[in-house]
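> just coords:
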DNA sequence: CTGAAAGCGCTTACAG
DNA sequence: CTGAAAGCGCTTACAG
């Protein structure tokens, strides 16, 4: 004899509860609610009774129980390192948009993990490969191959903009070198010759590729490369600001660059601020270009001329490939790795023609 | 006799696998790995053997099985409506930052649901209240109380900036009316008298409160309210741009406002662009203020003077309260609803003193 | 102190 | 066609 249960209102109804309310077995309820073989097994009248009971009790098949059976949570994880201020950034936002769109389209959920450091937080990622996610997307991981291989073998993952290739892991990237090349060609086409580059941190694949593209464009157009025109910065506006300001400070009285090509939009925004503080206007006095085409490039005034990386699409594609590996969606032939997406120059307002007269770096006002 | 299992490398190891590898029962393995009563039950040597086996097999306690037992996934959900372009925005990003920080701190995971429409997508939220999340945080929901009450009773939720109060649901908000009041007082203190307001959409609580604060400040300082100085816009830069441009078009030849108070940062950015297109410079010719203090307010050049809503903290606090309701963390006395957080004026560069001479709205250049 | 059993909620495969 | 049973992986409560 079944013990009477205390109907705690806070407890979710189970199949047994539904069955009891409808006067049938849990199994019959299951059959109806999964709508398989309904007509053949269960009378229309019983069916209605079960449906009504389920609605009344706000029944939902328990996800944990199903996951235990199917070994699938229908959830993917995305992991990203957050920046200095412990905040997610525009780059993350764009990728997340793509992941959410694709995941939702395939009725998959998305769990977000914000890490502070790839190499140290690998443990935390590890601990989450416990069946609660079916796979993982890593945004711009900088761990080395060895750390990557330490992730549990049973959780498939793909990377976006990985700093190092990991054997057997698909990496999605964009044609960054070519993007830099095209942007610098665009600046040259506007007549600019003295083109500064605020690069990303040294040793980052993405930053290095932009430098390479920058140099290749200069070389092609026979503009001499000057080491003093390249400075490095972290990928945020604060450091971009400091980099530009520092350069101006050390080069007062020298010829002002015609244009500054920045390694991402955030740096470009910091750069424009630093220029504004010296009374230099963009693009009238000096042109500034970004990279990424994040929301920030449109929030900036003037709007940034930038290199569009298809970040949303990259997030979408990473999700697609991951779901194929998991087996959630049909397995097309495995993609080659890396998957390289094309980039393009987006012309907005921060780049103009070369000014009629060359200028000198003004002496910096004290802050 | 246990059937030999085919060791599919893709399958995660179970407690039984670990036990077998170590020559003990699954239960013994469980006891060791949960590190309860270890010394008393299991010899140090056996313990080592079990630990080694678990490491070797990359064992992780299955989350679904645990969730089935504990009725807890240690995961919360956040749901937000994405904007026109189906993209998440700065406001969302800031709140998410707060939620992730707090959730991670309590070792909880966060699943993100991006919806297109509150009233229609309530079904989708419903379907996800199936044990995969322990509770839900709703970002700026605009559904009415009735829809809200349709969410399954067994899933607790809290709201942030809800458009309507729902009985029994804690809402976290900020003191928006006062924020608007303080900002308009700040503009008045700079000498501005003719202050335009680009409000949010009519019928939105947050937008209405800003209008109220705006009017209250004008009244207190005996500045006549002019209906023609208030226009409405959606909460994004495109509509902010249109709103400002449209106003200028219809008021050519009339006195230019001294300042524009915008209902959020995105509108302010669109507004600055529209002004720039007419050759009006901020803040030299006209001051512009935003609301929210999102990342965008710092990406803008000039940086926006704005009202800081503590969005990150609101996300954090919402998480805290939700986890208390779930029972994950100790239950302090239930907070009053709504929880109202203080706001403050952040002075940056987009607001300056009132120009020496009043100006006339210039005739608009054709686009 | 140790192991076998029961049960979380569900579904699949198997007897009646 | 229908119901009882077994099992997903784990932990808790109970016999030995």
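Cool, the structure landed. The structure presented is a predicted model; accordingly, all values stated were derived computationally and were not measured.

> flag every residue of the stretch 101-250 of chain A that's near chain B.
Proximity of the stretch 101-250 of chain A to chain B is assessed by CB under 8 Å from any CB of the partner chain, with A:101, A:104, A:109-114, A:126-132, A:152-154, A:237 identified as the residues in range. Where C-beta positions appear, they are placed from N, C-alpha and C, glycine not excepted.

> in strands, which of these fall?
Secondary-structure check on those using DSSP state E: residues within strands are A:109-114.

> quick one, strands of the stretch 51-200 of chain A?
Along the stretch 51-200 of chain A, the segments classed as strands by DSSP state E, counting those that start in this stretch run A:75-81, A:109-115, A:135-139, A:157-160, A:171-174, A:195-199.

> just put the ones you listed in TSV and tack on distance to residue B:255 and mean neighbour count.
Written out in TSV, the entries for the strands of the stretch 51-200 of chain A read as follows (distance: least, CB to CB, whole Å; neighbours: other CB atoms under 10 Å in any protein chain shown):
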stretch	distance to residue B:255	mean neighbour count
strand A:75-81	49	24
strand A:109-115	49	22
strand A:135-139	50	25
strand A:157-160	52	26
strand A:171-174	49	23
strand A:195-199	43	24
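
> dump these to JSON lines, plus distance to residue B:43.
Listed next are the strands of the stretch 51-200 of chain A as JSON lines, based on distance: least, CB to CB, whole Å:
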{"stretch": "strand A:75-81", "distance to residue B:43": "38"}
{"stretch": "strand A:109-115", "distance to residue B:43": "37"}
{"stretch": "strand A:135-139", "distance to residue B:43": "37"}
{"stretch": "strand A:157-160", "distance to residue B:43": "38"}
{"stretch": "strand A:171-174", "distance to residue B:43": "46"}
{"stretch": "strand A:195-199", "distance to residue B:43": "58"}
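
> ok, which of those comes nearest residue B:324?
Ranking those by their distance to residue B:324 (criterion: CB to CB) puts strand A:109-115 first, at 21.6 Å.

> report the contact partners of the closest residue in space to residue A:148 that isn't next to it in sequence.
The shortest distance from residue A:148 to any residue other than its chain neighbours is 4.1 Å, reached at residue A:166 (CB to CB, 6 or more residues apart in numbering or on different chains). Residues touching residue A:166, when contacts are defined by CB atoms under 8 Å, 6 or more residues apart in numbering or on different chains, comprise A:145, A:148-149, A:159.

> at 10 Å what do you get?
Remark: with contacts taken as CB atoms under 10 Å, 6 or more residues apart in numbering or on different chains, residue A:166 is in contact with A:138, A:141, A:143-149, A:151, A:157, A:159, A:337.

> do the same with residue A:327
Contact criterion CB under 10 Å, 6+ apart gives A:72, A:134-135, A:156, B:10 as the residues in contact with residue A:327.

> show me those residues that map onto helices.
Residues from the contacts of residue A:327 lying in helices, with DSSP state H as the criterion: none.

> closest to residue A:90 among these?
So of the contacts of residue A:327, ranked by how close each gets to residue A:90 (CB to CB), first place is residue A:135, at 24.9 Å.

> quick one: that closest one and residue A:79 touch, right?
No. Contact between residue A:135 and residue A:79 fails when scored by CB atoms under 10 Å: they sit 11.3 Å apart.

> joint contacts of the two?
residue A:157.

> give the buried residues for stretch A:54-61.
Buried residues in stretch A:54-61, counted by 16 or more other CB atoms under 10 Å in any protein chain shown: A:54, A:57-60.

> near chain B too, which of these?
Of the entries in these, the ones placed beside chain B under the rule of CB under 10 Å from any CB of the partner chain are A:57-60.

> pipe those into JSON lines and attach pLDDT and distance to residue B:204 per row.
Formatted as JSON lines, these follow (pLDDT from 0 to 100; distance: CB to CB, whole Å):
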{"residue": "A:57", "pLDDT": "91", "distance to residue B:204": "35"}
{"residue": "A:58", "pLDDT": "90", "distance to residue B:204": "30"}
{"residue": "A:59", "pLDDT": "93", "distance to residue B:204": "35"}
{"residue": "A:60", "pLDDT": "93", "distance to residue B:204": "31"}
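
> out of these, which touch DNA strand C?
Counting by CB under 7 Å from any atom of the strand, A:59-60 from those sit close to DNA strand C.

> now, the ones next to chain B among the buried residues of stretch A:54-61 that are in helices?
Using DSSP H, no member of these falls in helices.

> just the ones next to chain B among the buried residues of stretch A:54-61 now: which is nearest residue A:362?
Closest to residue A:362 out of these is residue A:60 (66.1 Å), distances taken as CB to CB.

> distance of that closest one relative to residue B:14?
For residue A:60, the distance to residue B:14 (CB to CB, to the nearest Å) stands at 27 Å.

> also residue A:98?
With distances defined as CB to CB, the gap from residue A:98 to residue B:14 amounts to 35 Å.

> just to revisit the earlier point, are any of the contacts of residue A:166 buried, and if so which?
A residue is treated as buried here by neighbour count (16+ other CB under 10 Å); on that basis the buried members of the contacts of residue A:166 are A:138, A:141, A:143, A:147-148, A:151, A:157, A:159, A:337.

> turn those residues into JSON lines, including pLDDT.
Shown next, in JSON lines, are the buried ones among the contacts of residue A:166 (pLDDT from 0 to 100):
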{"residue": "A:138", "pLDDT": "96"}
{"residue": "A:141", "pLDDT": "90"}
{"residue": "A:143", "pLDDT": "82"}
{"residue": "A:147", "pLDDT": "75"}
{"residue": "A:148", "pLDDT": "73"}
{"residue": "A:151", "pLDDT": "84"}
{"residue": "A:157", "pLDDT": "94"}
{"residue": "A:159", "pLDDT": "96"}
{"residue": "A:337", "pLDDT": "87"}
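
> adding distance to residue A:220, write the contacts of residue A:166 out as a markdown table.
Written out in a markdown table, the entries for those read as follows (distance: CB to CB, whole Å):
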| residue | distance to residue A:220 |
| --- | --- |
| A:138 | 35 |
| A:141 | 33 |
| A:143 | 35 |
| A:144 | 34 |
| A:145 | 34 |
| A:146 | 38 |
| A:147 | 38 |
| A:148 | 36 |
| A:149 | 39 |
| A:151 | 41 |
| A:157 | 38 |
| A:159 | 31 |
| A:337 | 29 |
